[in-house]
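sharing a sequence plus its predicted fold:
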There are 2 protein chains.
Amino acid sequence: MRAEIVAVGTELLIGQISNTNAQWISERLAEIGIDVLHHQVVGDNVERIVRALELAASRADVVIVTGGLGPTQDDLTRPALACAAGAELIRRPEIESTLRERFEIRGRAMPDSNLAQADVPEGGRYIAPERGTAPGLIVKLGPATVYAVPGVPSEMREMMEGVVLPELTAGAGPSALVSRTLRCYGLAESRVSELLDDLYHGSTNPTVAYLAGGGEVHVRLSAKSTTAEAARALLEPLERSARERLGDHVYGADDQTLDAVMGALLGERGLTLSCAESLTGGGLGERITAVPGASAYFLGSAVTYSIEAKRSILGVSEATLDGPGPVSSACAAEMAAGARRVFGSDIAVALTGAAGPEPYGGAEPGQAWIAIDAPGLAHQHGFRWPFDRELVRRFSEMAALDLLRRHVLGLPLPD
Amino acid sequence: MRAEIVAVGTELLIGQISNTNAQWISERLAEIGIDVLHHQVVGDNVERIVRALELAASRADVVIVTGGLGPTQDDLTRPALACAAGAELIRRPEIESTLRERFEIRGRAMPDSNLAQADVPEGGRYIAPERGTAPGLIVKLGPATVYAVPGVPSEMREMMEGVVLPELTAGAGPSALVSRTLRCYGLAESRVSELLDDLYHGSTNPTVAYLAGGGEVHVRLSAKSTTAEAARALLEPLERSARERLGDHVYGADDQTLDAVMGALLGERGLTLSCAESLTGGGLGERITAVPGASAYFLGSAVTYSIEAKRSILGVSEATLDGPGPVSSACAAEMAAGARRVFGSDIAVALTGAAGPEPYGGAEPGQAWIAIDAPGLAHQHGFRWPFDRELVRRFSEMAALDLLRRHVLGLPLPD
């Protein structure tokens, strides 16, 4: 079954709000195995709404329309739907009396403009609202079924969950979509795709999709079948093969962030961590403590932004500060050793670098050094990021978290 | 001028992500007086992308396409655009060599799949990327101009701000929209609206819009005219009145963040700052150092997440840690005094609290204490935020920055 989502509202086209309704509906339809092939957004204009509905009905079995069902004169989904269906709007007395009751309960007189909400295209059905005053509509446009629901997210969800999704599930027959997202660090998106492409090339079920951003790549595997169990059976061999090929670059799955995965590894092993940060100004500590319960393993971070603080708080040597300078492998190593001593932690990680836009400490923008200090280990790694200030900092934090993960798991560290 | 936004990506149709790009672009186009009449979203399918492009080009003067420019085989905007334009894809050697350089800098070999990113439809132009590896494309489809930019929001914004919006502004002819955003801290959105509503009620030019989020309220004033000068003349009296009514709650304008405004105030006065953070785990230092050149006034932050670090590094007393505890006015005050001593800064600010979801140190989630220590000043302020972990941390950072701003400007501090 093919579906399309049409959102009506000029506020979407001027960027006042984002079309989060389309995301929510898309996710719900995917869960019951219905493919959404298009989204459209159109403004409060009858002619353009009619054309959008006709286009959607020409290529989808099910059209979900959101918005434009309110009582004001820029709410035009109702007349547009009647026009597209070539049907008259018929006033339904039972809707009218329900609307009047709602206003009476709140001690208000119903404005006449609300009366239009009692109109239903001839031959169509309506969905009675529980929260708001806007009834939904169900109308056939040729072979397609159009469900029109309000644009207010809570009212939309009420009708989708109460009526639309149950009807579609019943009509779609037994069907289930199961997904798994593998989260990878340390491989470019193009390399991930090279490693996996032949696993699914040309396959429409299961499918693989990539999403890159923030220094990591997410691989989303999805399978459809008549039951969730059968879909999982389709997915499992694919997930196994993908994990084998991506190896220890896969750090987690689904909603697990690298911060949370790294924290859980420390927590399980009863290890404590501290940081020394210059480049990131506290951003690494901020990420680590974004995870509830981080106080079980995280002791703190010495954000030594000035040269003097590197010396006085962390004990970085004059020789290092005067010689290779604050952006150097040696400085990172001494910062990590200093943090481990000052906080008394099992492991410490240090970050120093030139975030840009100007060179700093004799280093070009984008140069970063990360050091780990742990019993029997003093490891440093250099990076040169071709990014702006913000991304240099974010990517350096990710690299530090992944180095920590690899160290705790006993995986080989990059040179 | 009429515009349309076409987003390409199956991840949008299965609801994995929301089409926030369309909102951002719509807002930017509205600012320069370009009407957006439709959004479309289409999946990673060449035929459907071609049809979406043709439809958009048939009804808009400008089409902005986001996504599908990456290096993998589900990135199909490039071939679809060539197909819709009836043009060959021509490999551009200068793009190829730039791509190879980017990979070399990061010490990685470029996968062959990235080569496709060097292809440009014959007769088209390209936009060189600064952050990512995906070049943008500019192609004529009949009378319409299509701008294709990456789907990664930071890369999309870079090309929109650097190339697309300036081109469209230049092409839009003698019509100017001038805007000014006043950034306010310390007033609820409803209070801001109460203070300003009568200034513009019913006016369509100039207009006022409010945007609340992250603890602050932005008041956006916009005026349109034939020249920028005439638009500014419309705007100025409105801005003056708004500033008078909002008073010292207006901390900056347009793109000035509170971090940058506070930093500039310190820099102008030759004052240095340090922090002591528990609640925010480094987030305050991270914000302060997000501003290029922060090393002129920011010395560092002692992120003392553990009780022991508060004692050993900042010298918080046993009496305070055992008595009122780590989430207390006294602890915040001693942390600030300790940071000022350890870093040798003119001013220090400390943050401690219970971010949640669990109570911490005898305090309920949402309880936060902020202290400022400066010559002749030891000020503490308590907050109880009714928010989740992330927002408690973000709002506390904003409150600390605003306290610092008020202190440096000599404005009254809240009780």
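All right, it came through fine.

the helix or strand where A:Leu99 lies: what's the following helix or strand?
Secondary structure from DSSP states H and E places A:Leu99 in helix A:93-105. Counting by DSSP H and E, the next helix or strand C-terminal to helix A:93-105 is strand A:119-121.

which elements pack onto that following strand?
The elements that strand A:119-121 packs onto, with contact taken as 3 or more Cβ pairs under 8 Å, 6 or more residues apart in numbering or on different chains; DSSP states H and E, are helix A:77-85, strand A:89-91, strand A:136-141. For every residue, glycine as well, the C-beta is placed using N, CA and C.

out of those, which comes closest to chain B?
helix A:77-85 (14.6 Å; Cβ to the nearest Cβ).

report all helices and strands that that closest one contacts.
Contact analysis of helix A:77-85 by 3+ Cβ pairs under 8 Å, 6+ apart lists helix A:46-59, strand A:89-91, strand A:119-121, strand A:136-141, strand A:144-149 as its packing neighbours.

tell me the helix or strand right after the last one.
This points to strand A:144-149. Strand A:144-149 is succeeded, C-terminally, by helix A:153-159 (DSSP H and E).

same deal with the first one?
Tracing the chain C-terminally past helix A:46-59 and defining elements by DSSP H and E, one meets strand A:62-66 next.

what about the residue lying closest to A:Ala368 once chain neighbours are set aside, distance to chain B?
Leaving aside its sequence neighbours, A:Ala368 sits nearest to A:Gly353 (Cβ to Cβ, 6 or more residues apart in numbering or on different chains; 3.3 Å). As judged by Cβ to the nearest Cβ, to the nearest Å, A:Gly353 and chain B stand 12 Å apart.

what do you get for A:Ser154?
From A:Ser154 to chain B the distance is 17 Å (Cβ to the nearest Cβ).

tell me who's in contact with A:Gly376.
A:Gly376 makes no contacts at all, as judged by Cβ atoms under 8 Å, 6 or more residues apart in numbering or on different chains.

helix, strand or coil for the most centrally placed residue in chain A?
Relative to the mean C-alpha position of chain A, the nearest C-alpha, by Cα atoms, centre = their mean, is the one of A:Asp255, at 9.1 Å. Per DSSP: H, G, I helix; E, B strand; the rest coil, the local secondary structure of A:Asp255 is coil.

same deal with A:Glu236?
A:Glu236 is classified as helix under three-state DSSP.

how many other residues sit next to it?
By other Cβ atoms under 10 Å in any protein chain shown, 15 other residues sit near A:Glu236.

returning to what we had before: dump the helices and strands packed on helix A:77-85 into TSV; add mean pLDDT and distance to A:Ala231 as well.
Output for the helices and strands packed on helix A:77-85, formatted as TSV (pLDDT from 0 to 100; distance: least, Cβ to Cβ, whole Å):
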stretch	mean pLDDT	distance to A:Ala231
helix A:46-59	97	26
strand A:89-91	96	43
strand A:119-121	97	37
strand A:136-141	98	29
strand A:144-149	98	25
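
who touches the spatially closest residue to A:Ile138 that is not a sequence neighbour in this structure?
Spatial nearest neighbour of A:Ile138, excluding adjacent residues (Cβ to Cβ, 6+ apart): A:Arg125 at 4.2 Å. By Cβ under 8 Å, 6+ apart, the contact set of A:Arg125 is A:Leu137, A:Ile138, A:Val139.

quick check: bridge partners of the first one?
Right, the one you point to is A:Leu137. Taking DSSP bridges as the rule, A:Leu137 bridges to A:Tyr126, A:Ala148.

buried residues, the helix or strand hosting A:Arg180. List them.
Assigned by DSSP H and E, A:Arg180 falls within strand A:176-185. Of the residues in strand A:176-185, A:Ala176, A:Leu177, A:Val178, A:Ser179, A:Arg180, A:Thr181, A:Leu182, A:Arg183, A:Cys184, A:Tyr185 count as buried by neighbour count, 16 or more other Cβ atoms under 10 Å in any protein chain shown.

helices or strands up against the helix or strand hosting A:Val392?
For A:Val392, the element it lies in under DSSP H and E is helix A:389-409. Packed against helix A:389-409 by the contact rule (3+ Cβ pairs under 8 Å, 6+ apart) you find helix A:258-269, helix A:283-288, strand A:347-353, strand A:367-374, strand A:377-384.

could I get the average pLDDT for the first one?
Taken as a whole, helix A:258-269 has a mean pLDDT of 97.

is it positioned near chain B?
No: counting by Cβ under 8 Å from any Cβ of the partner chain, no contacts exist between helix A:258-269 and chain B, the nearest distance being 10.7 Å.

that helix: which residues count as buried?
For helix A:258-269, by 16+ other Cβ under 10 Å, it's A:Leu258, A:Asp259, A:Ala260, A:Val261, A:Met262, A:Gly263, A:Ala264, A:Leu265, A:Leu266, A:Gly267.

do the same with the fourth one
Of the residues in strand A:367-374, A:Gln367, A:Ala368, A:Trp369, A:Ile370, A:Ala371, A:Ile372, A:Asp373, A:Ala374 count as buried by neighbour count, 16+ other Cβ under 10 Å.

counting by contacts, list what that strand packs against.
helix A:329-343, strand A:347-353, strand A:377-384, helix A:389-409.

tell me how far the residue sitting furthest away from the middle of chain A lies from chain B.
No residue in chain A sits farther from the centre than A:Ala319, which is 46.5 Å out by Cα atoms, centre = their mean. Distance, A:Ala319 to chain B, using Cβ to the nearest Cβ: 21 Å.

over to A:Ala332?
Taking Cβ to the nearest Cβ, one finds A:Ala332 at 16 Å from chain B.

what residues does that residue make contact with?
Counted by Cβ under 8 Å, 6+ apart, A:Ala332 has contacts A:Ala350, A:Leu351, A:Thr352, A:Trp369, A:Ile370, A:Ala371, A:Gln380.

which pLDDT value goes with it?
Reading off the confidence values, A:Ala332 has pLDDT 98.

cool, and the one 3 residues further on?
At A:Met335 the predicted local confidence, pLDDT, stands at 98.

and what of A:Ile14?
86.

also A:Tyr126?
Looking at A:Tyr126, the pLDDT reads 97.

for it, grab the count of nearby residues.
The tally of other residues near A:Tyr126 (other Cβ under 10 Å) stands at 20.

go ahead and confirm it touches A:Ile138.
Yes: using Cβ atoms under 8 Å, A:Tyr126 is in contact with A:Ile138, at 7.1 Å.

tell me, what's touching the two both at once?
Joint contacts of A:Tyr126 and A:Ile138 (Cβ under 8 Å, 6+ apart) do not exist.

roughly how far does the residue lying closest to A:Asp346 once chain neighbours are set aside sit from A:Gly67?
Using Cβ to Cβ, 6+ apart and skipping residues adjacent in sequence, the residue nearest A:Asp346 is A:Leu271, 4.5 Å away. Separation of A:Leu271 from A:Gly67 (Cβ to Cβ, to the nearest Å) stands at 52 Å.

ok, A:Ser241 next?
Taken as Cβ to Cβ, the span from A:Ser241 to A:Gly67 is 43 Å.

equivalent analysis for A:Ile138, please.
16 Å.

so which of those two has more stuff around it?
Neighbours per residue (other Cβ under 10 Å) separate A:Ile138 from A:Gly67, with A:Gly67 holding more: 28 against 19.

for the host helix or strand of A:Leu211, enumerate the helices and strands it packs against.
Assigned by DSSP H and E, A:Leu211 belongs to strand A:207-213. In this structure, strand A:207-213 packs against helix A:189-200, strand A:216-225, helix B:10-13, with contacts taken as 3+ Cβ pairs under 8 Å, 6+ apart.
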